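**Q** okay, predicted coordinates and the sequence, questions at the end:
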Amino acid sequence: GGEGGGEAVRVDSVDTVAQLLKAYFRELPEPLLSEGTRQRICAVPAEPEDEWIASARAALDDEPEATRSTLSQLLSLLSAVSQESPTNRMTAENLSVVWTPNVFRVHHADPMRLLEHLKLAEIATRLLIQREGALRRPPSPPAPRPPP
């Protein structure tokens, strides 16, 4: 057995791992990113890019540290996958279609408004993947120690 009583499982399929990862995020009791963060990120036009990055950073800064860290790791992985798109055909756009419902929970009573909100969330997810490096902030320096 593995640590904590779990059994180690060997998985030979990248597709299986991807399905498990998507299911994990989809089944969280709350979406990875809050509705308020989704609305703030989706409300800003993608151009000019500097403004979008600043707005996305500000919205993400309001999320708990655990959420920011998890999102950073996920975006880093998705960015790496998209860089292999000539081989795997998973461009940032394709990944955004697949991952948006697992990162955001978009709801609306009006089906046309739902589609509009989903499209904006897909654009935001694509930009998060493509610009994940620009969204990362360097770790804060340690607080200065008071003199003895």
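**A** Alright, I've got the coordinates.
**Q** just want the most central residue of this protein.
**A** Against the mean C-alpha coordinate of the chain, by Cα atoms, centre = their mean, the closest residue is residue 71 at 4.7 Å.
**Q** so the closest residue in space to it that isn't next to it in sequence, which of the three states?
**A** Once flanking residues are discounted, residue 71 sits nearest to residue 32: 6.2 Å by Cβ to Cβ, 6 or more residues apart in numbering. Where you see a C-beta, it was placed from the backbone N, CA and C, and this is true even at glycine. Using DSSP: H, G, I helix; E, B strand; the rest coil, the structure places residue 32 in coil.
**Q** wait, isn't the residue nearest to the centre of the chain in contact with residue 61?
**A** No - using Cβ atoms under 8 Å, residue 71 is not in contact with residue 61, being 11.7 Å away.
**Q** all helices of the protein, in order?
**A** Under the criterion DSSP state H, the chain contains helices at 14-26, 35-43, 49-61, 65-83, 85-88, 92-103, 111-130, 132-135.
**Q** save the ones you listed as CSV, and put in distance to residue 8 and mean pLDDT too.
**A** Output for these, formatted as CSV (distance: least, Cβ to Cβ, whole Å; pLDDT from 0 to 100):
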stretch, distance to residue 8, mean pLDDT
helix 14-26, 14, 91
helix 35-43, 35, 89
helix 49-61, 34, 89
helix 65-83, 21, 95
helix 85-88, 26, 94
helix 92-103, 25, 94
helix 111-130, 30, 92
helix 132-135, 30, 89
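**Q** how about those in CSV, adding distance to residue 146?
**A** Below are the helices of the chain laid out as CSV (distance: least, Cβ to Cβ, whole Å):
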stretch, distance to residue 146
helix 14-26, 42
helix 35-43, 36
helix 49-61, 27
helix 65-83, 24
helix 85-88, 51
helix 92-103, 41
helix 111-130, 39
helix 132-135, 33
